[in-house]
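Visitor: Sequence and computational prediction follow.
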Amino acid sequence: MIKPISEKILQGDQRSIAKLITLVENDCEDATEIMKDIHSHTGKAHVIGITGVMGCGKSTLIYELTKQFRANGKKVGIIAIDPTSQFSGGALLGDRIRMMELAMDDGVFIRSMGTRGMLGGLASAVYDVVEIMDASGKDIILVETVGVGQAEVDIIKIADSTLVVIVPGLGDSIQTLKAGIMEIADIYVVNKADREGVEQTVAEVQSLVDIECANKERKTPIVQTIAKESHNIRELVETINEHKKYLEETKKLEKQRKIRYEAELVEIIRKKLMNFIFNEEKFKETIEKLLHQISIKKIDPHTASEIVLEQFIKK
Amino acid sequence: MKRKIRVLIAKPGLDGHDRGAKIVARALRDAGMEVIYTGLHQTPAMIVEAAIQEDVDVVGLSLLSGAHMTLFVDVAVMLKEKGLDDVLLLGGGIIPKEDIPKLKKKGIAGVFGPGTPVEEIVDFVKKNVLQ
């Protein structure tokens, strides 16, 4: 029997969606049962990741993309992630500022999330939030990562299509980005294309694509946009839709989804194990003792971890 | 369950001064809360919709134009209409003293004028959010 709250999620009730997201963010056990209910209703949404350096226009681009998807009759969920302070645990979530115009459209649901200790550009609960929005009937889910540098590439685990946004004027730094976020793009977006140096930026990305995709059936497209002026957004949406079609035709979508579920499974197990080991009273004592012994050099962290795991397996 | 306090800071109405709102937002963040800032020129309906989707515990309104008796109260009424009775509603900005009791009667739980130490606001939030 499906629970009444799960039923409301499936019907797309805004309040219930919002409440459930809070529960999964807070690692609340009540949420687990609902998540079990709704999983069989997921898989329909096209999950699109948007990543790029700080200030490249991710939020504005999402706003424009959403307007275009809405014009095409699609329901849209937006997950906007900003960093949580390592020190205070607090976060200032400001991506919504550029999207407030969408607030009154009941075909759009926007949620801001803090990373809450997760590295890689995502928030730990993001897998669950994607499932919730998917189950609630969103056709498109846009996931905005934190402003990234080189290593925040986890978005590819969750997105069917990953957009890497760059802006003119980064100069040689595209070269240094190469090893990180430049490897994960399904589509390159050169935003702020009215800026000086856009030709050079596009040429640099193009030469990168020529090398990377030399032996591939699909060459990563480059789309130039000026998000602030809604310029070329329709073309970008078409390119995104083409990528989805490509994934379906080549059966790569299934593979991509498997990657997502694997990442999600690993994350759930990791959380449960860590909670178990670091919150159980019995372990707490052991860990305190071990920490002391490590600090006085009586044992090393590797041996300590073996002791903890042994105790765990015995249990 | 480790719960994090979530706060929406919003600027209703037409004035464009958000320095105070940003300082309060920072202080709440530094106190370990997740703060969502909406930016300028929001209608009460937009603020309430954002409060629903973001599932916040607190809504803080900042207004310097003098329209607080209308706009603050509109937000309070709409929050209730939408069933968000448990949301703590706060106001700040240039609010004449004689208006404060009237606002409180309408459901604005705390009103903080210029010169309020931010610690006072942080403490008020921590004390009044149902844990």
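Guide: Alright, I've got the coordinates. Computed from a prediction, not measured in an experiment: that's the story for all the values here.
Visitor: count of neighbours near residue 100?
Guide: In the absence of a named chain, this looks at chain A. 21 (other Cβ atoms under 10 Å in any protein chain shown). Bear in mind the C-beta positions are built from the backbone N, C-alpha and C, glycine included.
Visitor: nope, chain B
Guide: Neighbour number of B:I100 under other Cβ under 10 Å is 17.
Visitor: How about B:L90?
Guide: By other Cβ under 10 Å, the burial measure for B:L90, its neighbour count, is 22.
Visitor: sec struct for it, please.
Guide: At B:L90 the chain is in strand, as set by DSSP: H, G, I helix; E, B strand; the rest coil.
Visitor: measure the spatially closest residue to B:I47 that is not a sequence neighbour to B:L40 for me?
Guide: The spatial neighbour of B:I47 that comes closest, neighbours along the chain excluded (Cβ to Cβ, 6 or more residues apart in numbering or on different chains), is B:A10 at 4.5 Å. Distance, B:A10 to B:L40, by Cβ to Cβ, to the nearest Å: 9 Å.
Visitor: who has more neighbours, those two?
Guide: Ranked by neighbour count (other Cβ under 10 Å), B:A10 and B:L40 place B:A10 first, with 28 against 17.
Visitor: residues contacting the more buried one?
Guide: B:A21, B:Y37, B:T38, B:Q42, B:I47, B:A50, B:V59, B:G60, B:L61, B:S62 (Cβ atoms under 8 Å, 6 or more residues apart in numbering or on different chains).
Visitor: What's the per-residue pLDDT of the first one here?
Guide: To tie it back to what came earlier, the one meant is B:A21. We have a pLDDT of 94 for B:A21.
Visitor: what's downstream of the host helix or strand of it, the next helix or strand?
Guide: Taking DSSP states H and E as the criterion, B:A21 maps to helix B:19-30. Counting by DSSP H and E, the element after helix B:19-30 in chain order, helix or strand, is strand B:34-37.
Visitor: hmm, that next one touching chain A?
Guide: Yes: under the criterion of Cβ under 8 Å from any Cβ of the partner chain, chain A is reached by strand B:34-37 at B:E34, B:V35, B:I36, B:Y37.
Visitor: so the last one bridges to which residues?
Guide: Beta-bridge pairing for B:Y37 (DSSP bridges): B:I9.
Visitor: how many neighbours does it have?
Guide: Neighbours of B:Y37 (other Cβ under 10 Å): 24.
Visitor: quick one: contacts for it?
Guide: A:L92, A:L93, A:G94, A:R96, A:I97, B:I9, B:A10, B:A21, B:K22, B:A25.
Visitor: how near is B:E98 to chain A?
Guide: The spacing between B:E98 and chain A, counted by Cβ to the nearest Cβ, to the nearest Å, is 32 Å.
Visitor: go on, B:K127?
Guide: Taking Cβ to the nearest Cβ, one finds B:K127 at 17 Å from chain A.
Visitor: Give me the neighbour count for residue 29.
Guide: Looking at chain A here, since you left the chain open. With other Cβ under 10 Å as criterion, A:E29 counts 8.
Visitor: try again with chain B
Guide: The burial count for B:R29: 23, using other Cβ under 10 Å.
Visitor: For the residue nearest to it when sequence neighbours are not counted, list the residues it contacts.
Guide: Among residues not flanking B:R29 along the chain, A:G90 sits closest, at 3.8 Å (Cβ to Cβ, 6+ apart). By Cβ under 8 Å, 6+ apart, A:G90 lies in contact with A:T84, A:G114, B:L28, B:R29, B:D30, B:A31, B:G32, B:M33, B:E34, B:V35.
Visitor: go with 10 Å
Guide: A:84, A:114, B:4-5, B:7, B:25-35 (Cβ atoms under 10 Å, 6 or more residues apart in numbering or on different chains).
Visitor: Repeat that for A:M118.
Guide: For A:M118, the contacting residues are A:I81, A:P83, A:T84, A:S124, A:A125, A:V126, A:V146, A:D154, A:E267, by Cβ under 10 Å, 6+ apart.
Visitor: Report pLDDT for the last one.
Guide: To tie it back to what came earlier, the one meant is A:E267. For A:E267, the predicted pLDDT is 88.
Visitor: just checking, it is part of a helix?
Guide: Yes: counting by three-state DSSP, A:E267 is found in a helix.
Visitor: Can you tell me the SS state at A:L92?
Guide: A:L92 - assigned by three-state DSSP - is strand.
Visitor: cool, and the one 10 residues further on?
Guide: The three-state assignment at A:L102 reads helix, by three-state DSSP.
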